[in-house]
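Q: Give me coordinates for this.
(one chain, ligands or ions: 2)
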Amino acid sequence: MPKSKPQTAVIIVAAGSGSRLNNGTTDLPKQYQLLDEKSVLEHTISAFASHAHIDIILPVISREHSSIYQSLALSHPKLSAPIIGGASRQASVFEGLNAIDAEVIKTVLIHDAARPFVSAQIISDVIKSSKNGGAIPALPITDTLKFAPNKTQISKTLDRSQHFAAQTPQAFDFDPILSAHKKAALQSDVEFTDDASIAEWAGLNVAIVRGDPNNKKITFAEDLAEARTKMNDNNKLETRVGTGYDVHAFEPGNEVILGGIHIPFDKKLKGHSDADVALHTITDAIYGALAAGDIGQHFPPSDDKWKNKDSAVFLEHAVSLINAQLGRLVNVDLTIICEQPKIGPHCVAMRQNIANICKIANSRVSVKATTSEKLGFTGRGEGIAAQAVVSIEVPSKD
Ligand SMILES: Nc1ccn([C@@H]2O[C@H](COP(=O)(O)OP(=O)(O)OP(=O)(O)O)[C@@H](O)[C@H]2O)c(=O)n1
Ligand SMILES: C[C@](O)(CO)[C@H](O)COP(=O)(O)O
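A: Numbers count the residues shown, from 1 in each chain. Ligands and ions are numbered 1, 2, ... in the order given. Below you'll find the model as predicted:
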């Protein structure tokens, strides 16, 4: 009986010394250098940990740096204990492949720790395209390609349209790539610089999917500087603005609820929830700023669950969507439009209550009121309208 359904693992090779970056010194290897507050390796592991099609992450590290690895205190359900690599990248990958449980793993990805900007799209693409043996991401060559075996004199110009620059992750059916690596270790003197070349040498089919210029390998000091700038830019917050507008009609009653404040009145607002038109409009403004739909989509009036509900719940939900993106609500500007009841005496309480629900300072909340000079439905006292503008800051994704 099979142990479990076939799974997908990624081997992250991180056992190199980074000699080209460190100019032969014993400085921290590139995979342990920081990009913002996390090491290159942690960024690389996170990219796979958050991918739905990856079940197991196996880091391969050098014995010499195992205490540095332990000091990262990495922990994730998908992350296996690291294994010790070899003297070359090829040898490190081979160690990783030998440590994998062949009865569980159907597909294996092999990735350089030194490529921390690997995207979810590339991970999905190589997995999908590896069904006939293997698949790798690769970029077309944009410079003219010269062949110069002695490194100083051009012997010929190659047809660049037929050449591609290989990236990782490289995805393979597990059994054939393990066999190919075993055969290469026993029978070949060549040191292969990637796993696709071992697969090709062993006669496996390897497909190409479109690579990503951002998925650059950190090799030299200038690559690390560029990666730090890029990570900084990725973490930058952008300001977004949203608007909201809502109307509720009056019906017989004895109070209205506005901004969470109960205001005695000879009518009430009609609605499925507590009909707090002020909180609804702020909630919608936040959804607008996030481009996350509207209040009706998140809390359908057809759903009995929201009947007579305190509208603070809706506003808390909208704010939680900002927080989930590690963003913040910067300010709220609310205008309530009605002839009666008089809003002015309640503005301070509303302002504080909205600030409390949103967990921001009351200096970031403005509550204003106006009449419509007896014009239109609000002028005739048929209901209350409210509009709001909010600004938020969230990490820029585009
Ligand atoms: N013996 C080795 C050599 C390399 N790698 C890993 O393979 C990836 C790609 O290799 P490379 O960029 O060449 O890294 P280094 O070998 O560290 O760099 P250099 O060649 O400049 O020394 C890196 O994530 C590196 O840590 C490895 O696991 N084991
Ligand atoms: C695997 C690789 O990143 C694909 O481009 C590359 O071959 C690694 O080469 P390196 O010399 O080990 O950096």
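Q: low-scoring stretches of the stretch 1-150 of the chain, by residue?
A: 1-5, 24, 26 (pLDDT under 70).
Q: I'd like the distance between residue 15 and ligand 2.
A: 11 Å (C-beta to the nearest ligand atom, to the nearest Å). To be clear about C-beta, it is placed using only N, CA and C from the backbone, and glycine gets the same treatment.
Q: Residue 302 too?
A: 54 Å.
Q: That residue - how many residues pack around it?
A: The criterion is other C-beta atoms under 10 Å. On that basis, residue 302 has 7 neighbouring residues.
Q: Equivalent analysis for the one 4 residues further on, please.
A: Residues lying near residue 306 (other C-beta under 10 Å) number 19.
Q: With the one 10 residues further on instead?
A: Neighbours of residue 316 under the rule other C-beta under 10 Å: 15.
Q: Now name the helix or strand holding it.
A: Assigned by DSSP states H and E, residue 316 belongs to helix 312-324.
Q: tell me the mean pLDDT for that helix?
A: Average pLDDT, helix 312-324: 95.
Q: In it, which residues are buried?
A: Across helix 312-324, burial judged by 16 or more other C-beta atoms under 10 Å covers 312, 314, 315, 318, 319, 321, 322.
Q: Reformat those residues as TSV; add distance to ligand 1.
A: Supplementary listing: the buried residues of helix 312-324 in TSV, determined by distance: C-beta to the nearest ligand atom, whole Å:
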residue	distance to ligand 1
312	50
314	47
315	46
318	42
319	40
321	36
322	36
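Q: which ones are touching residue 198?
A: 90, 177, 180, 181, 184, 192 (C-beta atoms under 8 Å, 6 or more residues apart in numbering).
Q: what number of residues lie near the first one?
A: Yep, that's residue 90 we're talking about. For residue 90, using other C-beta under 10 Å, the count is 22.
Q: pretty sure it is in contact with residue 188, am I right?
A: No: using C-beta atoms under 8 Å, residue 90 is not in contact with residue 188, being 9.5 Å away.
Q: Show me what from this structure comes close to ligand 1.
A: 13-21, 29, 31, 60, 85-89, 92, 112-114, 217, 219 (C-beta under 6 Å from any ligand atom).
Q: tally of neighbours for residue 355?
A: 18.
Q: wait, is it part of a helix?
A: Yes: under DSSP: H, G, I helix; E, B strand; the rest coil, residue 355 sits within a helix.
Q: State the pLDDT value of the nearest residue to it once chain neighbours are set aside.
A: Sequence neighbours aside, residue 362 is the residue nearest to residue 355 in space, at 4.0 Å (criterion: C-beta to C-beta, 6 or more residues apart in numbering). At residue 362, the model reports a pLDDT of 96.
Q: hang on, isn't residue 362 packed against residue 353?
A: No: using C-beta under 8 Å, residue 362 is not in contact with residue 353; the gap is 9.3 Å.
Q: higher neighbour count, those two?
A: For residue 362 versus residue 353, neighbours defined as other C-beta under 10 Å are more numerous around residue 353 (21 against 15).
Q: any idea how far that one lies from ligand 2?
A: Residue 353 sits 56 Å away from ligand 2, going by C-beta to the nearest ligand atom.
Q: can you map out the helices along the stretch 151-300 of the chain?
A: 174-187, 195-201, 221-234, 277-290, 295-298 (DSSP state H, counting those that start in this stretch).
Q: same for the first one, what does it pack against?
A: Counting contacts by 3 or more C-beta pairs under 8 Å, 6 or more residues apart in numbering; DSSP states H and E, helix 174-187 is packed against helix 89-98, strand 105-112, helix 195-201.
Q: The last one and ligand 2, are they touching?
A: In other words, helix 195-201. No: between helix 195-201 and ligand 2, judged by C-beta under 6 Å from any ligand atom, nothing touches; the nearest distance is 7.2 Å.
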